[in-house]
Each structure stands twice: as structure tokens, then as C-alpha cells.
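[1] Attaching a predicted model along with its sequence, questions to come.
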Amino acid sequence: MNTVTNAPHDAGGKRVPAEWEHAKAIWLAWPHNPNTWPGHFDSIPERFSAFILAAAQFADVCLIGGPELRQQAQSVIEQHDRVHWVEIPTNDCWIRDYGPTFVVDESGKHSAIEWQFNSWGGKYPPWDLDNAATEKIISHANWPHIDGGLCVEGGALEWDGTGRLLTTTDCLITDTRNPGLTKQQATERFEQLCGAREIVWVDGGALEGDDTDGHIDQLVRFIDASNIVVAVSSDPNDPNREGLEANYEQLCQWGKETSPHVTVHRLPTPPPRYIDDSRVPESYCNFLRVGPHGLLIPTFGHEESDKQAEEILTRIARQSTPDIKVITVNCREMIWGLGALHCASCNEPRG
């Protein structure tokens, strides 16, 4: 199995900034689609409001939605002068996946890449508004626009700020997204557009109940360029256990071989939970880093594992950023939509 591919040429100083670098804004989309949380939508606007106000402590928040949604969102907008309404219609709220990838280079030039979005391989039509929202976000943010030429979701890409990229094969090299694409072709494209110098294909296993085919932001995340956390299961009977352990073992080996070296940390998931007989893909890897000083951690209503995850993530983050502020955000209901904080946000760096 080809688990690491390297870019063949110099990327000319291009890179995707890490999420712990200074942020110009965090983009979020107001939730409005009851089909995302069938039978459990009523509490979602309140949960999103708390999330938005937490993010606004560290950066401006650009909140998007169609004109009919502004009145619903008005109360949260009025609570904080750093929350700004941007009229961009959407089908759904998972802006990480249809939002742009922001790229900078050593000369000070910057660009925003518009990938194509087809609702995780055509799973949930319609997705036309989400796909069209990307160009509008780029225009409003006033970044030069680049067509990425591939079907890519932002939750499938985890960058360290130096050109190292973590992803999974099943989210990119598939007939439902990019028919005929090879890993080497994908590597060359990410090198050309984003400055990728090394791509790690993390293919041990995904989470049961995850409808994205294995987004990396549920499995593995950089805390900084020297530390990553990997979702693992403490339950010996959890169907996720074997695949997550395979991810962990692969990344431990890679961490010793890559340059600079990377320390790998275990981040246990909560015990398996079901809503209406369906497993929800709960993972603390779905945290959101808001610039250098903010860390928002999802909680899922399991006191022991919630506390453990907060302690692990806080301890690692404070090794490089001692004054980081950590806020936990209740995602117990949000995860029924099969996503959490990182899925529902998009980081715009300072250009």
C-alpha cells in the first residue's frame, strides 16, 4: 500500500497556513435544513449560537445564509460585534467541506481555491447552493480565485502549515468524486496549487456512522507541526477499534520518518452511542483551532471521556502556546447531523 507520496517539484513557497496561525475570520453557515437532523432539529440553532459566540472571542465570524434566514440568526448577530452576516444561500451548514482552501506564498501573494463539491459523492441532493457558495465566499473575502479542478471536501484535508498533508484515499481517489484520478496525480495537483510536499494517506479505517467515507478531521489532527492526535477507541467491542488502531500505528511510524519528526498522541473517542438506532460518529478530533489563542473542543455528554479529551488536547496545545484559551462546546445534538465544530467552520487566514 502506498501510504506516503511526495511532491516532485518545488512549490515556489506556496503553503496552506495552519489553523493555529492568525485568523482573519472564521466562516460558518446558519443551520436550517431539518433533514440534516431528522426529528432532532429544534435545539440546533441554540447550539450553533453558542458555537458562533465562542469562536467570536478569538476572530471575526462571517455567518452565511439566504435572506430568509437572517431574522432567525439576528439574535446571535446582535450579541457580538465581531459576528457579521453575509448573504450567501446554502443547502446545508457543513461549510468546511464546500468552503475554499486559502493559500499564501513567501512573496506575499495569496489565493483561494474553489474545489467542486458534490455532497460527499452525491449522497444528499440538492447541493447546488453549497457548491455555488464557495465562489461567493472567495469574492466577499476579496481573495484571488483559483479553480481547483478536483472534487475535494475541506474536511478531507489536514495541513500542518509547512506543506505536509494528511488525507484518506476513500475521500479523494473514488469514482464518485474524481473518476480515474491516481494518488500521484492528486499529489501533483496539491503540490501545484497548495504547496504540498508530502501527503500521508491514512487508510486504516474510518468511524462507523460517518457518511463522508472517512474524513481526516474525524480521525487525525495536527495540534501543531510537531504533534498530532489520533482518534482511538477504548472499548474492545467497538467496531471502530481495529481500524483506528491501524491509523495510530501507521502514523507512529510516519512520525519517526518524516522531517521534522512528529509526536503521535492517542485521543480516545466516547463510548459508542446511537440515535434512532444509528451510530453517531463522535470524535474529539473534530475540534476547532481559532488562530494561536483559541481552542474549541466538542463535548458529547459523556463526562469521563469529555474531561479526558479536554485534558489531553489542552496539555498538548499548551506545550507550544501556554496562554491558549480552551472552551468546550456542547455538540451532543449537533453530532446527529454527522458533524461537529471543525465540519461546521472554515478558517480564513490573514492574507
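    Received, thanks. Numbers count the residues shown, from 1 in each chain.
[2] Leaving out chain neighbours, which residue sits closest to residue 3?
    Leaving out its chain neighbours, the residue that sits closest to residue 3 by C-beta to C-beta, 6 or more residues apart in numbering is residue 201, at 5.2 Å. C-beta coordinates here come from the backbone N, C-alpha and C atoms, glycine included.
[3] Cross-check the contact I'm expecting between that neighbour and residue 169.
    Yes: counting by C-beta atoms under 8 Å, residue 201 does reach residue 169; the two are 5.3 Å apart.
[4] re earlier: can you give me the pLDDT of the residue nearest to residue 3?
    For residue 201, the pLDDT comes out at 98.
[5] And residue 77, by the same measure?
    On the pLDDT scale, residue 77 is placed at 89.
[6] before we move on, back to that, burial measure for the residue nearest to residue 3, as a count.
    Taking other C-beta atoms under 10 Å as the criterion, the count of residues near residue 201 is 22.
[7] Residue 125: helix or strand, and which one exactly?
    Per DSSP states H and E: residue 125 is located in neither a helix nor a strand.
[8] For residue 119, see how far away it is.
    Using C-beta to C-beta, to the nearest Å, residue 125 is found at 7 Å from residue 119.
[9] more crowded one of those two?
    Here residue 125 and residue 119 are compared on neighbour count by other C-beta under 10 Å; more neighbours surround residue 119, at 20 against 9.
[10] ok, the more buried one - contacts?
    Contact criterion C-beta atoms under 8 Å, 6 or more residues apart in numbering gives 91, 125, 127, 130 as the residues in contact with residue 119.
[11] Kindly recompute the last result at 6 Å.
    For residue 119, the contact set (C-beta atoms under 6 Å, 6 or more residues apart in numbering) comprises residue 127.
[12] repeat for residue 239
    residue 208.
[13] Do you have the helices of the stretch 51-200 of the chain handy? List them.
    Ranges of helices within the stretch 51-200 of the chain are 70-79, 95-98, 119-122, 128-141, 183-194, based on DSSP state H, counting those that start in this stretch.
[14] Which residues belonging to the last one are considered buried?
    This means helix 183-194. Burial within helix 183-194, assessed by neighbour count using 16 or more other C-beta atoms under 10 Å, is assigned to 183, 186-191, 193-194.
[15] now do the third one
    For helix 119-122, burial by neighbour count (16+ other C-beta under 10 Å) applies to 119-121.
[16] next one: the fourth one
    Of all the residues in helix 128-141, those buried under the rule 16+ other C-beta under 10 Å are 130-134, 136-138, 140-141.
[17] What is the nearest of the residues you listed to residue 25?
    The shortest separation between residue 25 and any of those is 7.3 Å, and it belongs to residue 141 (by C-beta to C-beta).
[18] nearest spatial neighbour of residue 164, skipping sequence neighbours?
    Take residue 164 and drop its neighbours on the chain: the residue closest to it by C-beta to C-beta, 6+ apart is residue 198, 4.9 Å away.
[19] If you could redo that for residue 200, that was the one I meant.
    In space, residue 200 is closest to residue 166, 5.0 Å off (C-beta to C-beta, 6+ apart).
[20] Pretty sure residue 220 is one of the things the one you found touches, is it not?
    Yes: Residue 166 is within contact range of residue 220, at 5.4 Å (criterion: C-beta atoms under 6 Å).
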